[in-house]
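*Asks:* Provided below for reference: sequence and predicted model.
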Protein chains: 2
Amino acid sequence: MVEDRRLAVLRAIVEDYVATHEPVGSRSLVERHSLGVSPATIRNDMAALEDEGLIAQPHTSAGRVPTDQGYRVFVDRLSAVKPMSSAERRAIGSFLDGAIDLDDVMQRSVRLLAQLTRQVALIQYPSLTRSSVRHIELVGLAPSRILLVLISDTGRVEQRQVETAAPVSEDLLSRMRTRIIERVNGQRLVDVADRVADITEQFTGEERAAVAAVIASLLETVVERHEERVMLAGTANLAAFGEDFNGAVRPVLEALEEQMVLLRLLGESRTTDALTVRIGHENEVEGLSATSVVSVGYSLGDEIVAQLGVVGPTRMDYPGTMGSVRAVARYVGRTLTEQQ
Amino acid sequence: MVEDRRLAVLRAIVEDYVATHEPVGSRSLVERHSLGVSPATIRNDMAALEDEGLIAQPHTSAGRVPTDQGYRVFVDRLSAVKPMSSAERRAIGSFLDGAIDLDDVMQRSVRLLAQLTRQVALIQYPSLTRSSVRHIELVGLAPSRILLVLISDTGRVEQRQVETAAPVSEDLLSRMRTRIIERVNGQRLVDVADRVADITEQFTGEERAAVAAVIASLLETVVERHEERVMLAGTANLAAFGEDFNGAVRPVLEALEEQMVLLRLLGESRTTDALTVRIGHENEVEGLSATSVVSVGYSLGDEIVAQLGVVGPTRMDYPGTMGSVRAVARYVGRTLTEQQ
DNA sequence: ACTTGGCACTCGGAATCCGGGAGTGCCAGC
DNA sequence: GCTGGCACTCCCGGATTCCGAGTGCCAAGT
């Protein structure tokens, strides 16, 4: 009972702080929420919440501000994902309709998400791991330079240039192409390595070096490039952080320029489609300790193939953000699945 | 003679203001530069420069600050492009070496430029206009969905999905591929439209719709997608703008998120390889009136194929920035030409 | 065992005031 | 045409003051 009210107070503090961006005191709390008790009572509750480490005062004799832990409790126990209105859903749907290729879907989605949440949005390209080879093309760009193009059934096109020690004839190129295609077409990318392992042996000593180079490059393409690309939008929304550019925004912008960081932000929970919320210090990227990341997997068919999400200040509107992120993920999954 | 000293004063003002970011007064000017005259004389010159609209005072009894026009004169008549040191050149070279494909070259270049100039760097993908068709591939993704892949001799790969009204057989796909390839391989992209114009007629009524769809898509690819992509790096360097986030940085970030704006910033002077400097209001993009853009074309072979450059505050180090931009453009051109 | 009103206390932030200093414009003399 | 002198302006930083929102605690009430 008393415990219940304490949590209600925490919720009220989080909501007010998110709305006003100012420390919230006991008096204004009872005014804005119908808690049915006096400010003095609230003060006692606040003291207790502070002992538990859920709220803090910026300085003595100021209102309270939620701590990372406070947000954690709020997200876990006090809030529900806020579903989108049907109008918003329609908007999402129409926004994604008419995308012409994978790049386009990714770009539209990430912009949409940035706009909906007014935060920085991220989207990871679908993993190649679960997809399979639709086609492989070898194109001679120069006597000893080959362009390798790999087309997956998810519509993703990967390219890579291969430099060979000796010139490669059109004839050799064509034989390589045939051999490789007959081995890997329709195969899952994860199996490609096994399937091409012995192709090199089918060529004579002289040609072998070139073939080996192409095969090596192919393996790199399927193994290394898995999900290296992340798209970003809405950096202008970092304005919501406030005025102290160098203090707060700069490190965030710097972190967001590093693909590796983005991947770490998104990439850890690929197997599940549950909404993940990392609050403040919970995400261990340096410079992002004042931000929260809300992410979720999206699926192609019935497999989770990548993540998308947003990065924003810890004092964000969690229910709304979570609703937007989830909704966009669903539409992205649907769009991709239809397009496949 | 007197005119000469006035310009020297302007140069000194620009240099000091760029270095200190503070309005510069007559006293400190004679201290830092050996102008051989007294502050009082400088004051007279300053008054004249102000009449000409080249400098301004933020408020009465403060030092002077260059106006956009002042920077203009400085750039046109008072400064020389500052060449890179040989160490810097080596750094540039080694930074770009080992790029594996076009995307990689673009990415490395734009990051390098951002790092060298400590500003926001832009690079436009090479125009397809001047390049020619290396290969075209049609891949059936689904019965009535075709993936069209176009590979240019510049190593650029363009993809597009085509939706057909009726299913397309592998056989038809293969015939289309052959026909198209025999018509356009090795052709310049600008000529592709002419070359494929009558291909549709070579197919029977039933197949014609599908062929027309593919051809239409191919034309879109070569015509519309010309140089639509621009890559960006170094947004964190916007910190140099100062503290007033919402006043100065936000509109810039917003503008930079729009591909169209980036293209307008870069895209107007493609035919020349001269360094272009647009100062303040000279670039007509809304929200970028407090920024300058330094851009230059880079070449592939002996043709200018696209632009690269930086966006920064009007109070930037023009000689240094221009040097970096030009140097990077040269190395990019060299790298691309070698890789071709 | 909670809740509540009262009360003294704290402390940040806005407003105000003040003085120094850097800068300017102008003028008379060289 | 340059220069030193001089009166004037006004921004900026620091010190001071003051207000009010907020707190913690206590004693009394339910």
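*Replies:* Here it is on my side, so go on.

*Asks:* got a list of what A:Val184 touches?
*Replies:* Neighbour list for A:Val184: A:Val133, A:Ile136, A:Val192, A:Arg195, A:Val196 [criterion: C-beta atoms under 8 Å, 6 or more residues apart in numbering or on different chains]. In short, each C-beta sits where N, CA and C put it, glycine included.

*Asks:* That one and A:Leu219, how far apart?
*Replies:* For A:Val184, the distance to A:Leu219 equals 11 Å [C-beta to C-beta, to the nearest Å].

*Asks:* Find residues that contact each of these two.
*Replies:* Common contact partners of A:Val184 and A:Leu219 (C-beta under 8 Å, 6+ apart): A:Val192, A:Val196.

*Asks:* returning to that earlier point: can you name the two of the contacts of A:Val184 that sit furthest apart?
*Replies:* Using C-beta to C-beta, the pair of these lying farthest apart is A:Ile136 and A:Arg195, separated by 11.6 Å.

*Asks:* Touching stretch A:51-68 from outside, list them.
*Replies:* Stretch A:51-68 has contacts (C-beta under 8 Å, 6+ apart) with A:10, A:13-14, A:17, A:22-25, A:28, A:46, A:49-50, A:69-70, A:73-74, A:279-282, A:314-315.

*Asks:* picking up where we left off before, how about the contacts of A:Val184 in CSV, adding secondary structure and neighbour count?
*Replies:* CSV is the format used below for these (DSSP: H, G, I helix; E, B strand; the rest coil; neighbours: other C-beta atoms under 10 Å in any protein chain shown):
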residue, secondary structure, neighbour count
A:Val133, strand, 24
A:Ile136, strand, 22
A:Val192, helix, 24
A:Arg195, helix, 16
A:Val196, helix, 21
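
*Asks:* Now render the residues you listed as TSV, adding pLDDT and distance to A:Ile55.
*Replies:* Below are the contacts of A:Val184 laid out as TSV (pLDDT from 0 to 100; distance: C-beta to C-beta, whole Å):
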residue	pLDDT	distance to A:Ile55
A:Val133	88	54
A:Ile136	88	58
A:Val192	87	53
A:Arg195	87	58
A:Val196	86	59
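
*Asks:* PyMOL command for the buried members of the contacts of stretch A:51-68?
*Replies:* Per 16 or more other C-beta atoms under 10 Å in any protein chain shown, the buried members of those correspond to this PyMOL selection:
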select buried, chain A and resi 10+13+14+17+23+24+25+28+46+49+69+70+73+74+279+280+282+314+315
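
*Asks:* Dihedrals phi and psi, A:Gly287?
*Replies:* Per-residue torsions, A:Gly287: phi 90, psi -10 (degrees, to the nearest 10).

*Asks:* got the contact list for the closest residue in space to it that isn't next to it in sequence?
*Replies:* With C-beta to C-beta, 6 or more residues apart in numbering or on different chains as the criterion, A:Gly287 has its nearest non-adjacent residue at 3.2 Å, and that residue is A:Pro251. By C-beta under 8 Å, 6+ apart, the contact list for A:Pro251 reads A:Glu286, A:Gly287, A:Leu288.

*Asks:* tell me the contacts of A:Tyr318?
*Replies:* A:Tyr71, A:Phe74, A:Val75, A:Ser79, A:Val277, A:Ser292, A:Val294.

*Asks:* Tell me how far the third one lies from A:Ala8.
*Replies:* Here A:Val75 is placed at a distance of 16 Å from A:Ala8 (C-beta to C-beta).

*Asks:* now do the fourth one
*Replies:* Distance, A:Ser79 to A:Ala8, using C-beta to C-beta: 12 Å.

*Asks:* which one of these two has more residues nearby?
*Replies:* Neighbour comparison, A:Ser79 and A:Ala8: the larger count goes to A:Ser79, with 18 against 15 (by other C-beta atoms under 10 Å in any protein chain shown).

*Asks:* Please, where are all the helices along the stretch 151-300 of chain A?
*Replies:* Ranges of helices in the stretch 151-300 of chain A, per DSSP state H, counting those that start in this stretch, are A:170-184, A:189-196, A:205-224, A:250-257, A:259-266.

*Asks:* So which bits of the longest one are buried?
*Replies:* Neighbour counts over helix A:205-224 (16+ other C-beta under 10 Å) mark A:Glu207, A:Ala210, A:Val211, A:Ala213, A:Val214, A:Ile215, A:Ser217, A:Leu218, A:Thr221, A:Val222 as buried.

*Asks:* returning to what we had before: can I get the contacts of A:Val184 in JSON lines including distance to B:Arg90?
*Replies:* Below are the contacts of A:Val184 laid out as JSON lines (distance: C-beta to C-beta, whole Å):
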{"residue": "A:Val133", "distance to B:Arg90": "41"}
{"residue": "A:Ile136", "distance to B:Arg90": "38"}
{"residue": "A:Val192", "distance to B:Arg90": "39"}
{"residue": "A:Arg195", "distance to B:Arg90": "43"}
{"residue": "A:Val196", "distance to B:Arg90": "39"}
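
*Asks:* B:Val149: which of these is nearest?
*Replies:* B:Val149 lies nearest to A:Ile136 out of the contacts of A:Val184, by C-beta to C-beta, at 11.3 Å.

*Asks:* Give me the distance between the closest residue to A:Glu303 other than its chain neighbours and A:Glu137.
*Replies:* Once flanking residues are discounted, A:Glu303 sits nearest to A:Arg130: 5.1 Å by C-beta to C-beta, 6+ apart. Going from A:Arg130 to A:Glu137 by C-beta to C-beta gives 22 Å.

*Asks:* Pipe the contacts of A:Val184 into JSON lines and attach distance to DNA strand C per row.
*Replies:* Shown next, in JSON lines, are the contacts of A:Val184 (distance: C-beta to the nearest atom of the strand, whole Å):
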{"residue": "A:Val133", "distance to DNA strand C": "60"}
{"residue": "A:Ile136", "distance to DNA strand C": "62"}
{"residue": "A:Val192", "distance to DNA strand C": "60"}
{"residue": "A:Arg195", "distance to DNA strand C": "65"}
{"residue": "A:Val196", "distance to DNA strand C": "64"}
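
*Asks:* which of those come close to DNA strand D?
*Replies:* When C-beta under 7 Å from any atom of the strand is applied, no member of the contacts of A:Val184 is adjacent to DNA strand D.

*Asks:* what bits of the stretch 101-250 of chain A have low per-residue confidence?
*Replies:* A:224-228, A:242-247 (pLDDT under 70).

*Asks:* residue contacts, the residue in it that chain B sits nearest to?
*Replies:* Closest to chain B within the stretch 101-250 of chain A is A:Ala236: 3.9 Å, counting by C-beta to the nearest C-beta. Residues in contact with A:Ala236 (C-beta under 8 Å, 6+ apart) are B:Arg250, B:Leu253, B:Glu254, B:Glu257.

*Asks:* repeat for A:Leu266
*Replies:* Counting by C-beta under 8 Å, 6+ apart, A:Leu266 makes contact with A:Leu122, A:Gln124, A:Val230, A:Val293, A:Ser295, A:Ala306, A:Gln307, A:Leu308, A:Gly309.

*Asks:* same question, A:Val133
*Replies:* Contacts for A:Val133 (C-beta under 8 Å, 6+ apart) come out as A:Leu150, A:Ile151, A:Ser152, A:Asp153, A:Val184, A:Asn185, A:Gly186, A:Gln187, A:Arg188, A:Leu189, A:Val192.

*Asks:* one more time with 10 Å, if that's ok
*Replies:* If you count contacts by C-beta atoms under 10 Å, 6 or more residues apart in numbering or on different chains, A:Val133 has them with A:150-153, A:180-181, A:183-189, A:191-192, A:195, A:218, A:222.

*Asks:* Repeat that for A:Arg183.
*Replies:* Contacts of A:Arg183 (C-beta under 10 Å, 6+ apart): A:Val133, A:Ile136, A:Val192, A:Asp194, A:Arg195, A:Val196, A:Ala197, A:Asp198, A:Ile199.

*Asks:* Swap in 6 Å and give it another go.
*Replies:* A:Arg195, A:Val196 (C-beta atoms under 6 Å, 6 or more residues apart in numbering or on different chains).

*Asks:* Same check on the one 5 residues further on?
*Replies:* A:Arg188 sits next to A:Ser132 when contact means C-beta under 6 Å, 6+ apart.

*Asks:* again, 8 Å this time
*Replies:* Applying C-beta under 8 Å, 6+ apart, the residues near A:Arg188 are A:Arg130, A:Ser131, A:Ser132, A:Val133.
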